[in-house]
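A.B. asks: Provided below for reference: sequence and predicted model.
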Amino acid sequence: MRSDLDGVTAIFDLDGTLIDTADDLAAAMNHALARAGLKPVPAGDVRHLVGHGARAMLAGGFERAGAPAPDPAAMEAHLAAFLDYYLAHIADRSRPFPHAAETVEALRAAGAKTAICTNKREAPARRLIDALGLTGLFDAIVGGDTAGAPKPDAAPVRLCLEATGARRGVFVGDSDTDIAAAAAAGLPCLAASFGYGPLARAGEARALFDDYRALPALVRTVLA
Ligand SMILES: O=C(O)COP(=O)(O)O
Ligand SMILES: [Mg+2]
């Protein structure tokens, strides 16, 4: 077995990168909006609200529903309703993107450690990965509430490296937040073109990929 990726950690963003979660996030968001007497937001719009945590996603949903921003106390109640629903329906429709799981396995087979660095809270991130039977594929799972600051801060990326004892790392993400977090931590970033974006800073990623089967070769190239 080739183990040329010993000492390397491949760090993956979750929503829009490893797992296509938009439909379940949209259902939870629309549950919270319906409770507030508001009309649903299409799942296609929710994709663009993912990446900065549940609070930001929900605030964006209220805005798109044409409602005024809820006051802080009301927002806490909406957030609780969103999270309760989401935890109960976390993998109703969410699935790994094509070839994502086998690619993570291939990187591990080549000696790499693998980690998840998401702005989802750690508890729902773990529940999702567990529900999909993927927990054994990751050495560390770091959420937006794990490291004291979410991406684009470098802290959660650094924690993934520390937790896996890596000498080198590469970040795989789907948004400008990921590109910025990787840059802040001094890691090369590979960006999934099929994710939720935005990718206005795509030029700062080392490469874009549109198929997971291309990823191992890209990882080796950026680490060479
Ligand atoms: O916004 C979120 O909750 C998480 O998004 P991420 O997994 O793309 O960081
Ligand atoms: Mg993402």
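C.D. replies: The structure has been received and is ready for your questions. Ligands and ions are numbered 1, 2, ... in the order given.
A.B. asks: rest of the way, CA atoms for contacts and neighbours
C.D. replies: Noted.
A.B. asks: Could you list the low-confidence segments of this structure?
C.D. replies: Applying pLDDT under 70 to the chain flags residues 1-2.
A.B. asks: Could you list the domains of the chain?
C.D. replies: 8-20+94-223, 22-88 (automatic domain parsing).
A.B. asks: Surely V41 is within a strand?
C.D. replies: No - if the criterion is DSSP: H, G, I helix; E, B strand; the rest coil, then V41 is coil and not within a strand.
A.B. asks: just checking, it touches E63?
C.D. replies: No - contact criterion CA atoms under 8 Å: V41 and E63 do not qualify, at 10.0 Å.
A.B. asks: out of the two, which sits in the busier spot?
C.D. replies: V41 (19 against 14; other CA atoms under 10 Å).
A.B. asks: For that one, list the residues it contacts.
C.D. replies: 26, 30, 61, 64-65 (CA atoms under 8 Å, 6 or more residues apart in numbering).
A.B. asks: okay if I get those as TSV plus secondary structure?
C.D. replies: What follows is the contacts of V41, written out as TSV (three-state DSSP):
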residue	secondary structure
A26	helix
N30	helix
G61	helix
R64	helix
A65	coil
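A.B. asks: of all those residues, which comes closest to A224?
C.D. replies: Closest to A224 out of these is A26 (39.9 Å), distances taken as CA to CA.
A.B. asks: most packed of the domains of the chain?
C.D. replies: domain 8-20+94-223 (a mean of 20; mean count of other CA atoms under 10 Å).
A.B. asks: Is ligand 1 within reach of that one?
C.D. replies: Yes - under the criterion of CA under 6 Å from any ligand atom, ligand 1 is reached by domain 8-20+94-223 at 13-16, 118-120.
A.B. asks: In JSON lines: those, plus distance to H78 and secondary structure.
C.D. replies: Below are the residues of domain 8-20+94-223 next to ligand 1 laid out as JSON lines (distance: CA to CA, whole Å; DSSP: H, G, I helix; E, B strand; the rest coil):
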{"residue": "D13", "distance to H78": "25", "secondary structure": "coil"}
{"residue": "L14", "distance to H78": "23", "secondary structure": "coil"}
{"residue": "D15", "distance to H78": "21", "secondary structure": "strand"}
{"residue": "G16", "distance to H78": "23", "secondary structure": "coil"}
{"residue": "T118", "distance to H78": "22", "secondary structure": "coil"}
{"residue": "N119", "distance to H78": "19", "secondary structure": "coil"}
{"residue": "K120", "distance to H78": "16", "secondary structure": "coil"}
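A.B. asks: out of those residues, who's near ligand 2?
C.D. replies: 15-16 (CA under 5 Å from the ion).
A.B. asks: okay if I get the contacts of V41 as JSON lines plus distance to ligand 1?
C.D. replies: Output for these, formatted as JSON lines (distance: CA to the nearest ligand atom, whole Å):
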{"residue": "A26", "distance to ligand 1": "12"}
{"residue": "N30", "distance to ligand 1": "15"}
{"residue": "G61", "distance to ligand 1": "13"}
{"residue": "R64", "distance to ligand 1": "16"}
{"residue": "A65", "distance to ligand 1": "19"}
